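J.: Sequence unavailable; structure follows:
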């Protein structure tokens with residue numbers, strides 16, 4: 001299904017520019033030809049339907065071509081995060097068992113540290129024909145690892161159908177048009193780097209300004225110079241843009257739609273953007289829903305500041321007796337990779353996806369996210385599960401006990417505070433210990449040394465007590 005997306009667009013508008021990247025312009029015909037070349041090289045290497053292709057790369061046109069090549073062959077793309085430490089990447093590679101591991105030169109040392117064999121990600125040889133493989137709508141396309149409450153990441157499988165329906169719903173709700181200029185700064189190891197604007201843009205024939213990584217000053221300059229009409233970001237992206245010295249005078253007149261997701265955006269920041277004439281459209285989603293669940297219609301963006309929105313087309317939501325937001329629809333994933341227990345726990349008895357988030361609904365049908373049943377917190381748009389950080393702290397020989405909670409932070413939305421019971425270790429040593437084993441966004445911002453972790457009679461940590469101690473008075 002997704003494999004046809006680029007082919008059909010290329011047939012209609014082959015000369016239109018699909019991607020601008022680092023001074024290069026790649027037409028739809030060139031993008032499609034590269035995807036076909038990668039597909040042929042994968043087929044010649046013996047990869048077959050259902051095999052995994054892991055990548056460790058920054059945003060690039062070649063990575064886009066690899067995705068479409070996987071889509072054409074029924075392969076599963078596993079885009080690894082270059083923000084992770086080698087032990088974290090090793091776990092995901094061991095779990096997914098990819099048939100091919102492609103690595104960009106910049107990340108060669110990191111890839112070598114995983115102990116897994118890899119090949120260099122390079123431009124494919126053109127001039128080969130597309131392979132002809134029957135791919136079903138329910139075939140998996142993406143394998144995205146999300147941190148788990150048990151301390152080990154889980155691989156969320158997203159099918160062609162999941163990606164198709166979430167993009168179709170996004171198009172009907174906020175849309176991307178063929179004449180749009182899309183600024184794409186989200187990393188391609190996130191589902192949002194594909195299914196929030198990017199794939200839809202290539203489906204519709206839009207021009208994507210693909211950035212290798214986010215730089216606030218450069219992004220403001222691109223909005224002006226390229227006449228960007230729409231973009232997607234997590235709250236810190238809009239915060240950093242608003243804090244740029246040139247923000248007040250930047251020409252944002254072309255920016256018709258700015259979408260935010262990944263975490264609730266502070267209302268004060270929404271108001272800052274609204275004052276510049278840009279109403280940021282708040283959305284809500286999760287990887288397991290591919291990811292789109294709720295969105296504030298553009299015409300209500302100012303009136304409903306702080307709302308997560310209404311369900312996207314083809315998506316149904318409900319609140320449980322505990323006010324947990326639950327989701328149903330063709331965008332909802334089939335389950336976790338080789339993890340039937342976690343898959344069963346993710347769904348209710350009647351098949352609705354459990355988000356773990358507490359919501360409320362007003363009399364107009366708009367939802368707000370009030371908090372989380374789970375302990376996960378979001379730092380800079382990245383999910384952090386305390387159990388994973390606690391597990392790393394417990395590995396330290398001088399740490400007897402540890403608990404991590406997320407607290408509000410002006411810059412990152414939320415950060416971790418670790419409460420540690422230990423003997424003869426200081427804060428700098430714990431920073432170094434965690435930094436060597438965890439991605440930077442998972443490393444707690446501060447450590448508090450205490451005599452014991454509060455627990456109830458069943459031994460469960462009483463994190464509300466720790467939260468009260470962690471938050472400033």
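T.: Thanks, I have it. None of these values were measured; they are calculated from a predicted model.
J.: burial count for residue 185?
T.: 22 (other CB atoms under 10 Å). C-betas here are computed from N, CA, C, even on glycine.
J.: So it sits against residue 213, correct?
T.: Yes - Residue 185 is in contact with residue 213 according to CB atoms under 8 Å; the separation is 7.4 Å.
J.: Please point out which parts of the biggest helix by length in the chain sit buried.
T.: With secondary structure taken from DSSP state H, the chain has its longest helix at helix 28-44. Using 16 or more other CB atoms under 10 Å as the burial criterion, the residues of helix 28-44 that qualify are 28, 30-40, 42-43.
J.: and residue 181, bridged to which residues?
T.: residue 207 (DSSP bridges).
J.: does residue 65 count as helix, strand or coil?
T.: Following DSSP: H, G, I helix; E, B strand; the rest coil, residue 65 is assigned to helix.
J.: got a list of what it touches?
T.: By CB atoms under 8 Å, 6 or more residues apart in numbering, the contact list for residue 65 reads 31, 34, 35, 37, 38, 124.
J.: Give me the three-state assignment for residue 356.
T.: strand.
J.: before we move on, back to that, just how off-centre is the longest helix of the chain within its chain?
T.: Put simply, helix 28-44 sits 25 Å off its chain's centre (CA atoms, centre = their mean, to the nearest Å).
J.: which residues touch that helix?
T.: 6-7, 9-10, 13-19, 26, 53, 61-62, 64-66, 68-70, 72-73, 75, 100, 123-131, 133, 202, 205.
J.: related to what we said a few turns ago, with pLDDT and distance to residue 284 as extra columns, can I get the buried residues of helix 28-44 in CSV?
T.: Below are these laid out as CSV (pLDDT from 0 to 100; distance: CB to CB, whole Å):
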residue, pLDDT, distance to residue 284
28, 98, 32
30, 96, 36
31, 97, 31
32, 95, 33
33, 94, 37
34, 95, 34
35, 95, 31
36, 93, 36
37, 93, 38
38, 95, 34
39, 94, 35
40, 92, 40
42, 95, 35
43, 93, 39
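J.: what about the closest residue to residue 381 other than its chain neighbours, distance to residue 378?
T.: Leaving out its chain neighbours, the residue that sits closest to residue 381 by CB to CB, 6 or more residues apart in numbering is residue 234, at 2.8 Å. Applying CB to CB, to the nearest Å, the value for residue 234 to residue 378 is 8 Å.
J.: Next: residue 141.
T.: Note on residue 141: its distance to residue 378, by CB to CB, is 25 Å.
J.: before we move on, back to that, buried among the contacts of helix 28-44? Need that as a selection in PyMOL.
T.: Only the buried entries of these go into this PyMOL selection, using 16+ other CB under 10 Å:
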select buried, resi 6+7+9+10+17+18+19+26+53+61+62+64+65+66+68+69+70+72+73+75+100+124+128+130+202+205
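J.: Return the subset of the contacts of helix 28-44 lying in strands.
T.: Among the contacts of helix 28-44, the ones falling in strands (DSSP state E) are 17, 18, 19, 26, 53, 100.
J.: name the helices or strands packed onto the helix or strand harbouring residue 91?
T.: Here residue 91 is covered by helix 86-96, with elements defined by DSSP states H and E. On a contact count with 3 or more CB pairs under 8 Å, 6 or more residues apart in numbering; DSSP states H and E, helix 86-96 meets strand 52-56, strand 76-80, helix 108-113, strand 154-159.
J.: Could you export those to CSV, including columns for distance to residue 333 and mean pLDDT?
T.: CSV is the format used below for the helices and strands packed on helix 86-96 (distance: least, CB to CB, whole Å; pLDDT from 0 to 100):
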stretch, distance to residue 333, mean pLDDT
strand 52-56, 16, 98
strand 76-80, 13, 98
helix 108-113, 27, 98
strand 154-159, 5, 97
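J.: Tell me which of those lies nearest to residue 273.
T.: Nearest to residue 273, of all those, is strand 76-80, at 29.3 Å by CB to CB.
J.: Mind listing residues that contact the closest one?
T.: Here strand 76-80 makes contact (CB under 8 Å, 6+ apart) with 50-57, 63, 66-67, 70, 89, 92-93, 96, 98, 140-145, 155, 157, 188-189, 193.
J.: Show the buried residues in those residues.
T.: Counted by 16+ other CB under 10 Å, the contacts of strand 76-80 give 51-57, 63, 66-67, 70, 89, 92-93, 96, 98, 140-145, 155, 157, 188-189, 193 as buried.
J.: Okay, now the unreliable bits of the stretch 51-200 of the chain?
T.: Low-confidence segments of the stretch 51-200 of the chain (pLDDT under 70): 127-131, 147-151.
J.: Residue 187 should be in a strand, yeah?
T.: No - assignment of residue 187 by three-state DSSP gives coil, placing it outside any strand.
J.: Okay, and the residue lying closest to it once chain neighbours are set aside sits in which element?
T.: Take residue 187 and drop its neighbours on the chain: the residue closest to it by CB to CB, 6+ apart is residue 193, 5.3 Å away. When elements are assigned from DSSP H and E, residue 193 belongs to helix 192-195.
J.: Other residues contacting that helix?
T.: With contact meaning CB under 8 Å, 6+ apart, helix 192-195 is reached by 59, 67, 79, 142, 158, 163, 166-167, 170, 184, 186-188, 232, 234, 261-262, 285, 290-292.
J.: Show only the entries of those found in helices.
T.: Counted as lying in helices by DSSP H, out of the contacts of helix 192-195, are 67, 163, 166, 167, 170.
J.: dump the residue contacts of the residue sitting furthest away from the middle of the chain.
T.: Ranked by distance from the centre of the chain (CA atoms, centre = their mean), the top residue is residue 424, with 38.3 Å. For residue 424, the contact set (CB under 8 Å, 6+ apart) comprises residue 398.
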